[in-house]
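>>> generate coordinates for the sequence data below:
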Amino acid sequence: MRCVIARFPFELSKAGVVESMKGIKPEPGTGESVIIGRRHYPVMQVGQVVTRQDRRDFSAAEVLRAMAQLGFTCRTLPKAAPVRVLSSFQHASAMLGTPVSI
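Numbers count the residues shown, from 1 in each chain. Just a heads-up that it's a prediction; the model follows:
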């Protein structure tokens, strides 16, 4: 499959990506990831290995799009849950054990 990453065209295949990542230990990561085999690789690590480019030259979105088109499972960052902020009155009543709804 032909894809463009960092303005450069690449001819990638699923088997080629798997072969490129063979023997490479996944870096610890908390962001977006790509599942290759049974391992979770940070998307920027996959992009660097597959394209042989510096990580500053491409975005995670470019690599995620290419890997998803090849059929790999990609994980993105979960959206943060909304935080409920209590007023000082609600906080005080909760601390006293007498919940008050407003």
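>>> by mean pLDDT, flag the weakest helix or strand of this protein.
Within the chain, confidence by mean pLDDT, DSSP states H and E is lowest for helix 88-96 among all helices and strands, at a mean of 68.
>>> quick one: contacts of the strand or helix carrying residue 15?
For residue 15, the host element (DSSP states H and E) is helix 14-21. Residues lying outside helix 14-21 but in contact with it, judged by Cβ atoms under 8 Å, 6 or more residues apart in numbering, are 36-37, 39, 41, 46, 49-50, 67, 70-72. For every residue, glycine as well, the C-beta is placed using N, CA and C.
>>> backbone dihedrals for the closest residue to residue 35 other than its chain neighbours, please?
Counting by Cβ to Cβ, 6 or more residues apart in numbering, the nearest residue to residue 35 once its immediate chain neighbours are dropped is residue 73, at 4.3 Å. With angles defined as degrees, to the nearest 10, residue 73 shows backbone torsions of phi -80, psi 130.
>>> ok, residue 73 to residue 32 distance?
Computed as Cβ to Cβ, to the nearest Å, the residue 73 to residue 32 distance reads 12 Å.
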